[in-house]
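>>> Need a 3D model of the sequence below.
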Amino acid sequence: MEEIFEEWDIYAQRKKLKQRDIDSNFLINTSKFKIIAITGIRRSGKTSLLILLRQMLKKKNEKVRYVNLEDSRIKDKKKVLDDILAWFGDSGYLLLDEITSVDDWTGWLSRYHEMLKGKLKIIVSSSRKGLAIPSKVLRGRILPQELYPLSFKEFLQFNNIKFEKTTISIGKTKRAVDEHLIFGGFPEIALIDNKTDKISISNSYFRDIIGLDVAEISRENISVVELFGKYIIDAPYFSASKCLNFFKTLGYKIGKQSILNLEKNSQESYLFFFVPIFSYNIKDRSQYPRKSYLGDTGFMYSIGGKKDKGRLFENSVFLELKRRLSQNHEINYWKNKDGIEADFVIREGLKIKEIIQVVYELNDEKTKDREIKGLISCAKEFKIKKGTIITKDYQAVETLDDIKIEFIPLWKWLLK
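The predicted model follows:
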(Lines give C-alpha, C1' and ligand atoms only; values in the text may rest on other atoms or scores of the structure.)
Protein backbone atom coordinates (compact mmCIF):
# COMPACT_ATOMS: atom_id res chain seq x y z
CA MET A 1 0.00 0.00 0.00
CA GLU A 2 2.93 2.33 0.58
CA GLU A 3 3.54 2.39 -3.18
CA ILE A 4 -0.01 3.75 -3.66
CA PHE A 5 0.56 6.43 -1.01
CA GLU A 6 3.84 7.45 -2.66
CA GLU A 7 2.17 7.52 -6.07
CA TRP A 8 -0.41 10.06 -4.90
CA ASP A 9 2.18 12.22 -3.20
CA ILE A 10 4.38 12.31 -6.31
CA TYR A 11 1.32 13.24 -8.37
CA ALA A 12 0.58 16.13 -5.97
CA GLN A 13 4.16 17.32 -6.13
CA ARG A 14 4.16 17.53 -9.94
CA LYS A 15 0.63 18.83 -10.59
CA LYS A 16 0.49 22.39 -12.00
CA LEU A 17 -2.48 24.39 -10.76
CA LYS A 18 -3.85 27.92 -10.62
CA GLN A 19 -4.05 29.59 -7.23
CA ARG A 20 -7.38 30.16 -5.47
CA ASP A 21 -8.41 33.20 -3.45
CA ILE A 22 -7.90 31.38 -0.14
CA ASP A 23 -5.72 32.38 2.83
CA SER A 24 -3.40 29.35 2.72
CA ASN A 25 -1.16 30.66 5.49
CA PHE A 26 -4.14 30.88 7.83
CA LEU A 27 -5.07 27.23 7.11
CA ILE A 28 -1.49 26.05 7.63
CA ASN A 29 -1.01 28.00 10.88
CA THR A 30 -4.39 26.96 12.28
CA SER A 31 -3.70 23.27 11.54
CA LYS A 32 -1.23 23.36 14.45
CA PHE A 33 -4.21 23.55 16.81
CA LYS A 34 -7.24 22.29 14.85
CA ILE A 35 -8.03 19.71 12.18
CA ILE A 36 -8.68 21.76 9.03
CA ALA A 37 -11.73 20.39 7.18
CA ILE A 38 -12.12 21.59 3.59
CA THR A 39 -15.64 20.87 2.36
CA GLY A 40 -17.65 21.80 -0.71
CA ILE A 41 -19.41 20.56 -3.81
CA ARG A 42 -17.58 17.95 -5.90
CA ARG A 43 -15.19 19.40 -8.48
CA SER A 44 -15.08 22.80 -6.79
CA GLY A 45 -11.32 22.51 -6.23
CA LYS A 46 -10.86 20.84 -2.82
CA THR A 47 -8.26 18.42 -4.18
CA SER A 48 -6.45 21.27 -5.94
CA LEU A 49 -6.40 23.31 -2.72
CA LEU A 50 -4.87 20.39 -0.81
CA ILE A 51 -2.25 19.94 -3.54
CA LEU A 52 -1.46 23.67 -3.52
CA LEU A 53 -1.03 23.51 0.27
CA ARG A 54 1.26 20.51 -0.14
CA GLN A 55 3.41 22.35 -2.70
CA MET A 56 3.52 25.47 -0.52
CA LEU A 57 4.61 23.48 2.55
CA LYS A 58 7.26 21.61 0.55
CA LYS A 59 8.79 24.92 -0.54
CA LYS A 60 9.07 25.80 3.16
CA ASN A 61 10.97 22.50 3.70
CA GLU A 62 8.19 21.14 5.89
CA LYS A 63 7.49 17.42 6.15
CA VAL A 64 4.26 16.96 4.16
CA ARG A 65 2.41 14.21 2.29
CA TYR A 66 -0.85 14.02 0.28
CA VAL A 67 -3.07 10.94 -0.21
CA ASN A 68 -6.40 10.64 -2.08
CA LEU A 69 -8.58 8.25 -0.07
CA GLU A 70 -11.15 7.79 -2.86
CA ASP A 71 -8.64 5.59 -4.69
CA SER A 72 -10.51 2.29 -5.26
CA ARG A 73 -7.35 0.36 -4.33
CA ILE A 74 -7.43 1.61 -0.72
CA LYS A 75 -10.83 3.12 0.17
CA ASP A 76 -12.35 -0.21 1.29
CA LYS A 77 -9.27 -1.43 3.17
CA LYS A 78 -9.67 -1.77 6.93
CA LYS A 79 -7.35 0.46 8.97
CA VAL A 80 -6.06 2.28 5.89
CA LEU A 81 -5.63 5.43 8.00
CA ASP A 82 -3.39 3.52 10.43
CA ASP A 83 -1.38 2.26 7.45
CA ILE A 84 -0.94 5.85 6.24
CA LEU A 85 0.21 6.97 9.69
CA ALA A 86 2.72 4.10 9.89
CA TRP A 87 4.08 5.19 6.48
CA PHE A 88 4.09 8.93 7.27
CA GLY A 89 5.13 9.06 10.92
CA ASP A 90 3.82 10.99 13.93
CA SER A 91 4.84 14.53 12.95
CA GLY A 92 4.45 16.91 10.00
CA TYR A 93 1.54 17.90 7.75
CA LEU A 94 -0.71 15.08 6.56
CA LEU A 95 -3.21 16.00 3.82
CA LEU A 96 -6.03 13.47 3.37
CA ASP A 97 -8.43 13.94 0.45
CA GLU A 98 -12.06 12.70 0.75
CA ILE A 99 -11.54 11.29 4.24
CA THR A 100 -15.25 10.47 4.72
CA SER A 101 -14.91 7.68 2.12
CA VAL A 102 -12.94 5.40 4.51
CA ASP A 103 -13.84 3.42 7.62
CA ASP A 104 -13.74 4.92 11.15
CA TRP A 105 -12.56 8.35 10.01
CA THR A 106 -14.21 10.18 12.92
CA GLY A 107 -12.66 7.96 15.58
CA TRP A 108 -9.25 8.05 13.88
CA LEU A 109 -9.18 11.85 13.60
CA SER A 110 -10.30 12.29 17.21
CA ARG A 111 -7.74 9.79 18.49
CA TYR A 112 -4.67 11.12 16.75
CA HIS A 113 -5.54 14.78 17.08
CA GLU A 114 -5.60 14.20 20.84
CA MET A 115 -2.52 11.97 21.02
CA LEU A 116 -0.31 13.91 18.57
CA LYS A 117 -1.61 17.47 19.00
CA GLY A 118 1.02 20.01 18.01
CA LYS A 119 3.13 17.41 16.22
CA LEU A 120 0.84 15.93 13.59
CA LYS A 121 -1.04 18.60 11.61
CA ILE A 122 -4.01 17.13 9.76
CA ILE A 123 -5.80 18.82 6.84
CA VAL A 124 -8.66 16.82 5.32
CA SER A 125 -11.35 17.27 2.68
CA SER A 126 -14.77 15.88 1.79
CA SER A 127 -17.62 16.71 -0.57
CA ARG A 128 -20.03 16.07 2.31
CA LYS A 129 -21.05 18.83 4.70
CA GLY A 130 -21.06 16.35 7.59
CA LEU A 131 -17.32 16.91 7.89
CA ALA A 132 -17.96 20.59 8.66
CA ILE A 133 -20.65 19.71 11.24
CA PRO A 134 -18.69 17.18 13.31
CA SER A 135 -20.02 14.47 15.56
CA LYS A 136 -19.60 14.66 19.33
CA VAL A 137 -16.13 13.08 19.38
CA LEU A 138 -14.79 15.73 16.95
CA ARG A 139 -16.59 18.74 18.35
CA GLY A 140 -14.16 21.54 19.12
CA ARG A 141 -11.37 19.84 17.18
CA ILE A 142 -12.35 20.82 13.61
CA LEU A 143 -12.20 24.16 11.79
CA PRO A 144 -14.30 24.00 8.61
CA GLN A 145 -13.31 25.81 5.40
CA GLU A 146 -16.12 25.68 2.84
CA LEU A 147 -15.00 25.91 -0.78
CA TYR A 148 -17.37 26.94 -3.56
CA PRO A 149 -16.97 27.04 -7.34
CA LEU A 150 -14.89 29.96 -8.60
CA SER A 151 -15.98 33.41 -7.52
CA PHE A 152 -16.18 35.98 -10.31
CA LYS A 153 -12.80 37.42 -9.23
CA GLU A 154 -11.25 33.94 -9.45
CA PHE A 155 -13.01 33.33 -12.77
CA LEU A 156 -11.33 36.43 -14.22
CA GLN A 157 -7.95 35.29 -12.88
CA PHE A 158 -8.36 31.79 -14.33
CA ASN A 159 -9.12 33.34 -17.73
CA ASN A 160 -6.30 35.90 -17.50
CA ILE A 161 -8.75 38.82 -17.64
CA LYS A 162 -7.34 41.83 -15.83
CA PHE A 163 -9.96 44.40 -14.92
CA GLU A 164 -9.16 48.02 -15.70
CA LYS A 165 -11.39 51.11 -15.61
CA THR A 166 -11.53 51.47 -19.40
CA THR A 167 -14.48 51.10 -21.77
CA ILE A 168 -12.94 48.03 -23.43
CA SER A 169 -12.10 46.34 -20.12
CA ILE A 170 -15.56 47.04 -18.65
CA GLY A 171 -17.20 45.55 -21.77
CA LYS A 172 -15.00 42.46 -21.49
CA THR A 173 -15.84 42.13 -17.79
CA LYS A 174 -19.59 42.33 -18.47
CA ARG A 175 -19.31 39.57 -21.09
CA ALA A 176 -17.33 37.49 -18.58
CA VAL A 177 -20.16 37.88 -16.03
CA ASP A 178 -22.62 36.38 -18.53
CA GLU A 179 -20.32 33.42 -19.16
CA HIS A 180 -19.78 32.91 -15.42
CA LEU A 181 -23.53 32.93 -14.82
CA ILE A 182 -24.51 30.61 -17.68
CA PHE A 183 -21.69 28.05 -17.55
CA GLY A 184 -20.90 28.31 -13.85
CA GLY A 185 -17.71 28.46 -11.84
CA PHE A 186 -16.30 24.95 -11.75
CA PRO A 187 -12.53 25.39 -12.32
CA GLU A 188 -12.23 22.78 -15.09
CA ILE A 189 -15.17 24.28 -17.00
CA ALA A 190 -13.80 27.82 -16.64
CA LEU A 191 -10.61 26.76 -18.43
CA ILE A 192 -12.41 25.25 -21.45
CA ASP A 193 -13.31 27.37 -24.50
CA ASN A 194 -15.77 25.04 -26.24
CA LYS A 195 -19.31 25.78 -25.02
CA THR A 196 -20.64 22.32 -25.89
CA ASP A 197 -17.89 20.76 -23.77
CA LYS A 198 -18.72 23.11 -20.90
CA ILE A 199 -22.35 21.93 -20.92
CA SER A 200 -21.37 18.28 -21.21
CA ILE A 201 -18.95 18.45 -18.27
CA SER A 202 -21.43 20.37 -16.09
CA ASN A 203 -24.01 17.69 -16.90
CA SER A 204 -21.62 14.92 -15.86
CA TYR A 205 -20.79 16.74 -12.59
CA PHE A 206 -24.48 17.00 -11.75
CA ARG A 207 -24.98 13.27 -12.28
CA ASP A 208 -21.86 12.43 -10.25
CA ILE A 209 -23.14 14.45 -7.29
CA ILE A 210 -26.60 12.90 -7.64
CA GLY A 211 -25.20 9.36 -7.73
CA LEU A 212 -22.12 9.50 -5.50
CA ASP A 213 -23.48 11.82 -2.83
CA VAL A 214 -27.23 12.47 -2.67
CA ALA A 215 -28.51 9.04 -3.76
CA GLU A 216 -25.90 7.20 -1.72
CA ILE A 217 -26.66 9.11 1.48
CA SER A 218 -30.44 9.05 0.93
CA ARG A 219 -30.48 5.42 -0.21
CA GLU A 220 -32.95 6.42 -2.89
CA ASN A 221 -33.09 5.27 -6.49
CA ILE A 222 -30.95 7.51 -8.71
CA SER A 223 -33.91 8.21 -11.04
CA VAL A 224 -35.88 9.58 -8.06
CA VAL A 225 -32.98 11.81 -7.00
CA GLU A 226 -32.44 13.05 -10.57
CA LEU A 227 -36.12 13.97 -10.85
CA PHE A 228 -35.91 15.77 -7.51
CA GLY A 229 -32.88 17.68 -8.82
CA LYS A 230 -34.66 18.75 -12.00
CA TYR A 231 -37.68 19.83 -9.96
CA ILE A 232 -35.51 22.09 -7.78
CA ILE A 233 -33.81 23.63 -10.81
CA ASP A 234 -37.24 24.64 -12.12
CA ALA A 235 -38.62 25.82 -8.75
CA PRO A 236 -37.47 29.12 -7.19
CA TYR A 237 -39.37 28.16 -4.02
CA PHE A 238 -39.38 24.73 -2.37
CA SER A 239 -42.18 23.17 -0.36
CA ALA A 240 -42.05 19.47 0.53
CA SER A 241 -45.82 19.16 0.09
CA LYS A 242 -45.79 20.64 -3.43
CA CYS A 243 -42.79 18.52 -4.37
CA LEU A 244 -44.58 15.42 -3.08
CA ASN A 245 -47.63 16.24 -5.22
CA PHE A 246 -45.33 16.63 -8.24
CA PHE A 247 -43.95 13.12 -7.73
CA LYS A 248 -47.41 11.65 -7.21
CA THR A 249 -48.74 13.15 -10.45
CA LEU A 250 -45.94 11.26 -12.24
CA GLY A 251 -46.89 7.99 -10.54
CA TYR A 252 -44.04 7.79 -8.00
CA LYS A 253 -44.78 6.18 -4.65
CA ILE A 254 -42.74 8.29 -2.27
CA GLY A 255 -43.40 9.67 1.21
CA LYS A 256 -43.02 13.20 2.50
CA GLN A 257 -40.16 12.14 4.80
CA SER A 258 -38.22 10.92 1.76
CA ILE A 259 -38.68 14.35 0.14
CA LEU A 260 -37.41 16.04 3.31
CA ASN A 261 -34.43 13.67 3.38
CA LEU A 262 -33.61 14.57 -0.24
CA GLU A 263 -33.78 18.25 0.67
CA LYS A 264 -31.42 17.70 3.61
CA ASN A 265 -28.97 15.44 1.78
CA SER A 266 -28.79 17.56 -1.37
CA GLN A 267 -27.91 20.53 0.83
CA GLU A 268 -25.31 18.50 2.72
CA SER A 269 -23.77 17.61 -0.66
CA TYR A 270 -23.74 21.33 -1.61
CA LEU A 271 -25.88 20.56 -4.68
CA PHE A 272 -28.71 22.84 -3.56
CA PHE A 273 -29.30 25.34 -0.77
CA PHE A 274 -32.66 26.07 0.84
CA VAL A 275 -33.08 29.49 2.45
CA PRO A 276 -35.84 29.93 5.05
CA ILE A 277 -37.97 32.99 5.62
CA PHE A 278 -36.88 35.33 8.40
CA SER A 279 -39.27 35.09 11.31
CA TYR A 280 -39.01 35.08 15.08
CA ASN A 281 -41.76 32.44 14.98
CA ILE A 282 -40.35 28.90 14.59
CA LYS A 283 -43.66 27.71 13.11
CA ASP A 284 -43.42 30.30 10.31
CA ARG A 285 -39.87 29.21 9.50
CA SER A 286 -40.98 25.60 9.07
CA GLN A 287 -44.28 26.26 7.25
CA TYR A 288 -43.26 28.92 4.72
CA PRO A 289 -41.56 27.63 1.55
CA ARG A 290 -37.77 27.86 1.33
CA LYS A 291 -36.09 29.70 -1.53
CA SER A 292 -33.94 27.27 -3.52
CA TYR A 293 -30.50 28.02 -4.95
CA LEU A 294 -28.12 25.88 -7.01
CA GLY A 295 -24.62 24.94 -5.85
CA ASP A 296 -23.39 26.20 -9.23
CA THR A 297 -25.27 28.51 -11.58
CA GLY A 298 -24.19 26.42 -14.60
CA PHE A 299 -26.66 23.66 -13.69
CA MET A 300 -29.60 25.85 -14.70
CA TYR A 301 -28.50 25.78 -18.34
CA SER A 302 -26.75 22.39 -18.56
CA ILE A 303 -29.58 20.49 -16.82
CA GLY A 304 -32.63 22.77 -17.06
CA GLY A 305 -31.85 24.24 -20.48
CA LYS A 306 -32.70 27.75 -19.25
CA LYS A 307 -30.98 31.13 -19.17
CA ASP A 308 -33.27 32.83 -16.66
CA LYS A 309 -31.14 35.90 -15.98
CA GLY A 310 -33.25 37.00 -13.01
CA ARG A 311 -32.72 33.72 -11.15
CA LEU A 312 -29.09 33.48 -12.29
CA PHE A 313 -28.37 36.96 -10.90
CA GLU A 314 -29.97 36.09 -7.57
CA ASN A 315 -28.22 32.71 -7.40
CA SER A 316 -24.86 34.35 -8.13
CA VAL A 317 -25.39 36.84 -5.30
CA PHE A 318 -26.36 34.03 -2.92
CA LEU A 319 -23.19 32.02 -3.66
CA GLU A 320 -21.03 35.13 -3.26
CA LEU A 321 -22.66 35.82 0.11
CA LYS A 322 -21.86 32.25 1.15
CA ARG A 323 -18.21 32.87 0.24
CA ARG A 324 -18.01 36.20 2.04
CA LEU A 325 -19.96 35.58 5.24
CA SER A 326 -18.60 33.87 8.31
CA GLN A 327 -20.18 30.83 9.95
CA ASN A 328 -22.05 32.93 12.52
CA HIS A 329 -24.05 34.77 9.85
CA GLU A 330 -27.32 33.44 8.47
CA ILE A 331 -29.02 34.22 5.17
CA ASN A 332 -32.82 34.52 5.06
CA TYR A 333 -35.44 36.08 2.84
CA TRP A 334 -38.18 38.32 4.17
CA LYS A 335 -41.85 38.66 3.28
CA ASN A 336 -44.66 40.51 5.05
CA LYS A 337 -48.34 39.62 5.25
CA ASP A 338 -49.04 41.73 2.14
CA GLY A 339 -46.63 39.63 0.06
CA ILE A 340 -43.95 42.34 -0.19
CA GLU A 341 -40.55 40.64 -0.28
CA ALA A 342 -36.84 41.29 0.20
CA ASP A 343 -34.46 38.75 -1.36
CA PHE A 344 -31.71 38.59 1.26
CA VAL A 345 -31.69 39.49 4.92
CA ILE A 346 -28.26 38.90 6.46
CA ARG A 347 -28.29 38.47 10.19
CA GLU A 348 -25.86 37.74 12.99
CA GLY A 349 -27.80 36.18 15.82
CA LEU A 350 -30.96 38.26 16.01
CA LYS A 351 -29.29 41.41 14.64
CA ILE A 352 -29.97 42.33 11.01
CA LYS A 353 -26.71 43.36 9.32
CA GLU A 354 -27.72 43.89 5.69
CA ILE A 355 -30.68 43.87 3.29
CA ILE A 356 -30.18 43.11 -0.40
CA GLN A 357 -32.56 43.09 -3.36
CA VAL A 358 -31.56 41.56 -6.72
CA VAL A 359 -33.22 42.48 -10.00
CA TYR A 360 -31.94 41.83 -13.52
CA GLU A 361 -33.31 44.93 -15.22
CA LEU A 362 -34.80 48.13 -13.87
CA ASN A 363 -36.24 49.01 -17.26
CA ASP A 364 -39.54 50.46 -16.02
CA GLU A 365 -40.84 52.43 -13.06
CA LYS A 366 -43.14 49.61 -11.94
CA THR A 367 -40.23 47.18 -11.47
CA LYS A 368 -38.12 49.80 -9.73
CA ASP A 369 -40.97 50.75 -7.40
CA ARG A 370 -41.56 47.09 -6.50
CA GLU A 371 -37.91 46.48 -5.58
CA ILE A 372 -37.65 49.73 -3.62
CA LYS A 373 -40.89 49.01 -1.77
CA GLY A 374 -39.63 45.56 -0.71
CA LEU A 375 -36.34 46.94 0.56
CA ILE A 376 -37.85 49.92 2.38
CA SER A 377 -40.60 47.82 4.00
CA CYS A 378 -38.02 45.35 5.27
CA ALA A 379 -35.63 48.09 6.43
CA LYS A 380 -38.36 49.87 8.38
CA GLU A 381 -39.48 46.69 10.11
CA PHE A 382 -35.95 46.03 11.36
CA LYS A 383 -35.04 49.72 11.85
CA ILE A 384 -32.21 49.59 9.28
CA LYS A 385 -31.23 52.84 7.57
CA LYS A 386 -29.69 51.47 4.36
CA GLY A 387 -29.88 48.68 1.79
CA THR A 388 -28.55 47.51 -1.56
CA ILE A 389 -30.28 46.78 -4.87
CA ILE A 390 -28.10 44.77 -7.29
CA THR A 391 -29.00 45.27 -10.95
CA LYS A 392 -27.75 44.59 -14.45
CA ASP A 393 -26.35 48.05 -15.15
CA TYR A 394 -28.18 50.73 -13.13
CA GLN A 395 -26.01 52.62 -10.67
CA ALA A 396 -27.04 55.35 -8.26
CA VAL A 397 -27.42 56.25 -4.61
CA GLU A 398 -30.88 57.42 -3.57
CA THR A 399 -32.42 58.24 -0.20
CA LEU A 400 -36.11 57.39 0.01
CA ASP A 401 -38.27 57.43 3.17
CA ASP A 402 -35.06 58.09 5.11
CA ILE A 403 -33.51 54.85 3.78
CA LYS A 404 -30.24 55.14 1.84
CA ILE A 405 -30.33 52.79 -1.16
CA GLU A 406 -27.27 51.90 -3.21
CA PHE A 407 -28.04 50.63 -6.72
CA ILE A 408 -25.03 48.74 -8.08
CA PRO A 409 -24.42 46.55 -11.17
CA LEU A 410 -23.79 42.88 -10.42
CA TRP A 411 -20.30 42.86 -11.92
CA LYS A 412 -19.22 45.77 -9.71
CA TRP A 413 -20.70 44.18 -6.59
CA LEU A 414 -18.93 40.88 -7.33
CA LEU A 415 -15.60 42.70 -7.64
CA LYS A 416 -16.01 44.69 -4.40
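
>>> so where do the strands sit in the stretch 51-200 of the chain?
Using DSSP state E, counting those that start in this stretch, the strands found in the stretch 51-200 of the chain span residues 64-68, 92-97, 120-126, 142-147.

>>> Let me fix that, I meant to ask about the stretch 251-400 of the chain.
272-275, 290-294, 329-335, 341-348, 351-358, 386-391, 396-400.

>>> Please convert the strands of the stretch 51-200 of the chain to a markdown table, extending it with mean pLDDT and distance to residue 360.
Heads up, the C-betas are built off the backbone N, CA and C, glycines and all. A markdown table is the format used below for those (pLDDT from 0 to 100; distance: least, C-beta to C-beta, whole Å):
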| stretch | mean pLDDT | distance to residue 360 |
| --- | --- | --- |
| strand 64-68 | 97 | 41 |
| strand 92-97 | 98 | 39 |
| strand 120-126 | 96 | 35 |
| strand 142-147 | 92 | 27 |
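
>>> Compare those strands and give me the one nearest residue 328.
Smallest distance to residue 328 across those (C-beta to C-beta): 12.4 Å, for strand 142-147.

>>> From the contact counts, what lies against that closest one?
Where contact means 3 or more C-beta pairs under 8 Å, 6 or more residues apart in numbering; DSSP states H and E, strand 142-147 is packed against strand 35-40.

>>> distance between the strand it packs on and the chain's centre?
Distance of strand 35-40 from the chain centroid (C-alpha atoms, centre = their mean, to the nearest Å) equals 13 Å.

>>> Quick check: buried residues in it?
Residues of strand 35-40 classed as buried: 35, 36, 37, 38, 39, 40 (neighbour count, 16 or more other C-beta atoms under 10 Å).

>>> Looking at the strands of the stretch 51-200 of the chain, which is nearest to residue 5?
strand 64-68 (5.3 Å).

>>> domains for the protein, by residue range?
Annotated domains of the chain cover 2-147, 150-305, 325-416 [automatic domain parsing].

>>> got TSV for the ones you listed, with distance to residue 318 too?
Shown next, in TSV, are these (distance: least, C-beta to C-beta, whole Å):
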stretch	distance to residue 318
domain 2-147	14
domain 150-305	5
domain 325-416	7
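
>>> Figure out which of those domains is closest to residue 316.
Of all those, it is domain 150-305 that lies closest to residue 316, at 5.8 Å by C-beta to C-beta.

>>> End to end on that closest one, go ahead and measure it.
Start to finish, the residues bounding domain 150-305 are 21 Å apart (C-alpha to C-alpha, to the nearest Å).

>>> returning to that earlier point: can you check which of the domains of the chain gets nearest to residue 314?
Among the domains of the chain, domain 325-416 comes nearest to residue 314, with 4.4 Å by C-beta to C-beta.

>>> ok, residue 294 - contacts?
Applying C-beta atoms under 8 Å, 6 or more residues apart in numbering to residue 294 gives the contacts 232, 233, 271, 272, 273, 300, 315.

>>> for residue 137, same thing?
Counting by C-beta under 8 Å, 6+ apart, residue 137 has contacts 106, 107, 110.

>>> per-residue confidence at it?
pLDDT, residue 137: 73.

>>> For burial, what's the neighbour tally of residue 62?
13 (other C-beta atoms under 10 Å).

>>> List the residues that contact it.
92, 93.

>>> any idea how far residue 92 is from it?
Separation of residue 62 from residue 92 (C-beta to C-beta, to the nearest Å): 7 Å.

>>> Identify whichever of the domains of the chain lies nearest to residue 319.
Distance to residue 319, taken as C-beta to C-beta, is lowest for domain 150-305 among the domains of the chain, at 7.3 Å.

>>> one step back: any idea which of the strands of the stretch 251-400 of the chain is most buried?
Ranked by mean neighbour count under mean count of other C-beta atoms under 10 Å, these are led by strand 290-294, which reaches a mean of 23.

>>> All good on my end, thank you.
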